[in-house]
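Peer 1: Predicted model and sequence follow; I will ask about them next.
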Amino acid sequence: MVKMKITYNFEDDKIRIFFGEKPDAETIESLKKLGFKWAPLQKCWFAVWSIGREKFAEKLGDIEVDQIGLIDRALAKAERLNERADKNLKTAQKLDEKTSKMGVCQTFGQPILVGHHSEKRHRKDLETVRKNMNAIFALANSAKSNSEKAEDCLTHAQHLRSEGAIQRRIKKIQAEIRASERIEATIKNRVKILNHFLDSLNLGKDQVELWASLKKISDGTSRVFEGVYFYPTEKDLELSKCFEYGMSFYDLARFHALQDFSFFEKRDLKSVLTSMIISANATLENKIRTRAHFEARIQFEELNLNQNNE
């Protein structure tokens, strides 16, 4: 039995999962939901890196670093495409030889003798010739297409290793890091507010008074809550959706805006806030791991850039 293998490649930023045998239906469904695709020639499931895909892969086994470079991978792909093109050409050649041996090819001008004993065979041979010729043209076009794809994948791999392409990737990753840092700061701010709210509840502060303070923040009329400075800009409102589970801070504030206290009378508000804080911290951990991944990729790209300049 072939052992399962999970790899990550820094150059193409992809996770590849090689199963020793066909996985069960539930695992396949999970792979598809996460965006993994099946590569029949490599016999693996692959997808561009994301924190969710990495966590899923870690549940299956240890992730190894794939040392195969873009050029080597492109050469292997080009070899497979050229082999497919050669196979198509050989098949087309065999069909051509088979068609040429049929006597009907030499008598295309011969009309079908209706009522003659040769009519049925004549019609059948003409149909066979027509199908063979269509197949030959299709195989020839496929061979040409595969040859062109082989050349293109090598050209594309060389372009991705060029200095300009590496510099553009570094700039893009740096922008991703800055965005991740902004989201991390926003989540930390949310956690501060929720913790202050939870502490106030634990100290016995009146719930209605707390919601009044939160309403002022949600309306933008106040920027301070329990001594914590807060700025609910439009961009900040979008970033508030960072909570993966439960209710966000603004969801809680909106209940007060609607003066709907019945919701909280039926639920333990402390458990709701605690759940939100746990969820926010989990999201924060994901963002920190994502930023660490981007920083590792920048180091890898800078190493490639220095090698190109040498």
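Peer 2: In hand now; what should we look at?

Peer 1: show me the contacts for the residue nearest the centre of the chain.
Peer 2: The chain has Val48 as the residue nearest its centroid, 4.5 Å off, counting by CA atoms, centre = their mean. By CB atoms under 8 Å, 6 or more residues apart in numbering, the contact list for Val48 reads Asp13, Lys14, Ile15, Gly35. Where C-beta positions appear, they are placed from N, C-alpha and C, glycine not excepted.

Peer 1: Give the bridge partners for it, please.
Peer 2: With DSSP bridges as the criterion, the beta-bridge partners of Val48 are Lys14.

Peer 1: still on that earlier bit, among the contacts of Val48, name the buried ones.
Peer 2: If you count burial by 16 or more other CB atoms under 10 Å, the buried members of the contacts of Val48 come out as Asp13, Lys14, Ile15.

Peer 1: Which stretches in the protein count as helices?
Peer 2: Shown for the chain, the helices assigned by DSSP state H span residues 25-33, 51-60, 70-101, 119-160, 163-202, 207-219, 234-239, 249-257, 262-265, 269-309.

Peer 1: Among these, which comes closest to Lys3?
Peer 2: For those, distance to Lys3 was read as CB to CB. The smallest value, 12.0 Å, belongs to helix 51-60.

Peer 1: Tell me the buried residues in that closest one?
Peer 2: Residues of helix 51-60 classed as buried under the neighbour-count rule (16+ other CB under 10 Å) are Arg53, Glu54, Phe56, Ala57.

Peer 1: Just name the closest of these to Ser30, please.
Peer 2: Checking the buried residues of helix 51-60 against Ser30 by CB to CB gives Phe56 as the nearest, at 6.8 Å.

Peer 1: Contacts only, for that closest one.
Peer 2: When contacts are taken as CB under 8 Å, 6+ apart, Phe56 is in contact with Ser30, Leu34.

Peer 1: picking that back up, out of the contacts of Val48, flag the one nearest to Glu285.
Peer 2: When the contacts of Val48 are compared for distance to Glu285, the smallest value, 19.2 Å, is given by Ile15; criterion: CB to CB.

Peer 1: Pretty sure that closest one sits against Ile51.
Peer 2: No. Counting by CB atoms under 8 Å, Ile51 is not a contact partner of Ile15; they are 11.1 Å apart.

Peer 1: Give me the common contacts of these two.
Peer 2: Taking CB under 8 Å, 6+ apart as the contact criterion, no residue touches both Ile15 and Ile51.

Peer 1: neighbouring contacts of stretch 60-77?
Peer 2: For stretch 60-77, using CB under 8 Å, 6+ apart, the contacting residues are 4-12, 15-17, 54, 57, 150, 153-154, 156-158, 160-161.
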